[in-house]
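J.: Just the structure for this:
(one chain, ligands or ions: 2)
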Amino acid sequence: MSHPSIEESGTHDTTRVDDVRIASVRPLLTPAVLLEDLPAPPDVEALVQVTRAAIGRVLHGSDDRLVAVVGPCSIHDHDAAVAYARRLKPLADELAGDLLVVMRVYFEKPRTTVGWKGYINDPRLDGSFRMNEGLRRARELLLEISALGLPAGTEFLDLLSPQYISDLIAWGAIGARTTESQSHRQLASGLSCPVGFKNGTDGGVQVAVDAVRAAAAPHAFMGMTKMGVAAIFETRGNPDGHVILRGGKAPNFDAASIEAACAVLRAAGLREQVLVDCSHANSRKDHRRQIEVATDLGAQIAGGERRIVGVMVESHLHEGRQDQQPGHPLRAGVSITDACLGWHDTEPLLRGLADAVRRRRARA
Ligand SMILES: O=C[C@H](O)[C@H](O)COP(=O)(O)O
Ligand SMILES: C=C(OP(=O)(O)O)C(=O)O
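T.: Ligands and ions are numbered 1, 2, ... in the order given. Sure thing, here's the model as predicted:
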């Protein structure tokens with residue numbers, strides 16, 4: 001039997017029994033240092049607070065607008081993200097009577113197997129994993145987008161990263177691959193923003209409904225304080241959890257699927273409401289199908305469906321996606337993860353949804 005060489009085994013000390021598969025440990029800056037360097041100005045804090053409260057009112061039925069979480073699948077380029085935000089902001093203002101627009105500012109990507117895990121994990125896109133730089137750049141971007149007056153939403157994937165950025169987040173998501181995770185439900189129970197839970201990748205809605213229930217309850221769990229110290233956190237529970245339908249083995253945005261999801265919520269004694277992701281398995285990963293999904297949702301909303309409280313759209317400056325290839329510069333404003341709608345299709349899509357909300361209101 002051949003044994004790996006000492007070099008291959010990742011440690012030079014063959015007597016070790018702990019950390020034998022840890023290749024290196026590097027220092028991580030503390031949240032307190034980053035927040036001191038890049039504090040949230042009062043106007044940004046106010047934007048975050050006002051938006052969280054407004055989303056809460058939508059979820060609790062006293063605001064009849066539709067939450068629209070719109071933006072790139074993932075952030076990889078600061079300037080392109082700011083350029084996108086500059087386009088979205090005037091439209092968000094124009095449609096603000098009908099849509100509560102939150103920009104998708106996703107820094108952490110859960111992968112089916114392996115792949116680039118996002119701007120915080122690897123901001124230089126080259127496997128150098130400069131996470132201190134990633135956290136700093138993420139916070140800088142959130143501050144810049146918020147300073148435009150546009151609130152941000154993100155997926156919380158890592159359990160420590162919220163300490164660095166969550167004060168700048170108006171709406172959060174727990175993804176399809178982590179909705180069933182106790183750790184993520186505990187995290188959500190202590191987050192200050194409304195949190196949507198995706199249905200499972202197989203389409204299972206029960207796990208997301210269970211997550212809403214779990215996150216509404218208080219929990220005690222281990223975490224890290226802003227000063228970077230291990231701590232036991234005791235949470236109050238998050239009353240603003242909700243389900244996000246993202247499709248699974250089949251899409252689940254049609255009226256029958258909305259009813260089926262609401263039946264599961266009803267059985268659990270929860271608010272009958274869903275935010276519908278036009279992308280992922282609902283678009284069968286074809287970005288252009290998001291238009292069909294949004295059109296169908298618009299028809300349901302215009303027909304009086306009040307249980308659709310929000311939509312999610314993956315959209316960038318330009319449509320489609322691109323692979324990173326050594327020696328080939330990336331095209332600006334094009335996704336490097338899932339394919340996105342371009343801006344030219346996003347604008348009419350949002351106008352159509354706003355019109356649907358107006359028609360629903362007129363019926364009421
Ligand atoms: O939203 C992004 C992707 O769908 C998700 O992160 C999974 O990506 P992958 O299947 O390409 O790994
Ligand atoms: C990863 C995402 O979605 P899901 O968890 O539904 O796959 C996403 O919204 O970026």
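
J.: Which residues are in contact with residue 249?
T.: Residues in contact with residue 249 (C-beta atoms under 8 Å, 6 or more residues apart in numbering) are 202, 203, 281. From N, CA and C alone the C-beta is placed, and that goes for glycine too.

J.: now residue 83
T.: 317, 333.

J.: so what does the longest helix along the chain touch, helix or strand wise?
T.: Taking DSSP state H as the criterion, the chain has its longest helix at helix 343-363. Applying 3 or more C-beta pairs under 8 Å, 6 or more residues apart in numbering; DSSP states H and E, we find helix 343-363 packed against strand 66-71, helix 78-94, strand 99-104, helix 289-302, strand 308-314.

J.: Pull out the buried positions in that helix.
T.: 343, 345-347, 349-354, 356-357, 359-360 (16 or more other C-beta atoms under 10 Å).

J.: Just give me the closest of these to residue 298.
T.: Of all the buried residues of helix 343-363, residue 356 has the smallest distance to residue 298: 3.8 Å, by C-beta to C-beta.

J.: my read: that closest one touches residue 302, true?
T.: Yes - counting by C-beta atoms under 8 Å, residue 356 does reach residue 302; the two are 4.3 Å apart.

J.: What parts of the stretch 251-364 of the chain come near ligand 2?
T.: Neighbours of ligand 2 within the stretch 251-364 of the chain, by C-beta under 6 Å from any ligand atom: residue 280.

J.: Check the buried residues of helix 343-363 against ligand 2 and report the nearest one.
T.: Closest approach to ligand 2 among these (C-beta to the nearest ligand atom): residue 346, at 15.9 Å.

J.: Can you name the residue of this structure nearest to ligand 2?
T.: Nearest residue of the chain to ligand 2: residue 175, at 3.0 Å (C-beta to the nearest ligand atom).

J.: That residue: neighbour count?
T.: 22 (other C-beta atoms under 10 Å).

J.: and what of the one 10 residues further on?
T.: One way to gauge burial is a neighbour count; for residue 185, by other C-beta under 10 Å, it gives 26.

J.: now residue 325
T.: Counted with other C-beta under 10 Å, residues neighbouring residue 325 total 8.

J.: so how far is residue 78 from it?
T.: Residue 325 sits 21 Å away from residue 78, going by C-beta to C-beta, to the nearest Å.

J.: same check, this time on residue 22
T.: Counting by C-beta to C-beta, the gap from residue 22 to residue 78 is 31 Å.

J.: who's more crowded, these two?
T.: Neighbour count, other C-beta under 10 Å: between residue 22 and residue 78, residue 78 has more, with 16 against 10.

J.: May I have the residues that are in contact with that one?
T.: By C-beta under 8 Å, 6+ apart, the residues touching residue 78 are 137, 140, 141, 144.

J.: can you redo those as TSV with distance to ligand 1, neighbour count and pLDDT?
T.: Listed next are those as TSV, based on distance: C-beta to the nearest ligand atom, whole Å; neighbours: other C-beta atoms under 10 Å; pLDDT from 0 to 100:
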residue	distance to ligand 1	neighbour count	pLDDT
137	20	18	98
140	23	14	99
141	18	23	99
144	23	16	98
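
J.: In helices only, show me the residues you listed.
T.: Members of those lying in helices (criterion: DSSP H): 137, 140, 141, 144.

J.: Contacts only, for the third one.
T.: Applying C-beta under 8 Å, 6+ apart, one finds that residue 141 lies in contact with 75, 78, 81, 82, 105.

J.: Please apply the same query to the second one.
T.: Residues counted as contacts of residue 140 (C-beta under 8 Å, 6+ apart) are 38, 78.

J.: give me the element residue 23 is part of.
T.: Assigned by DSSP states H and E, residue 23 belongs to neither a helix nor a strand.
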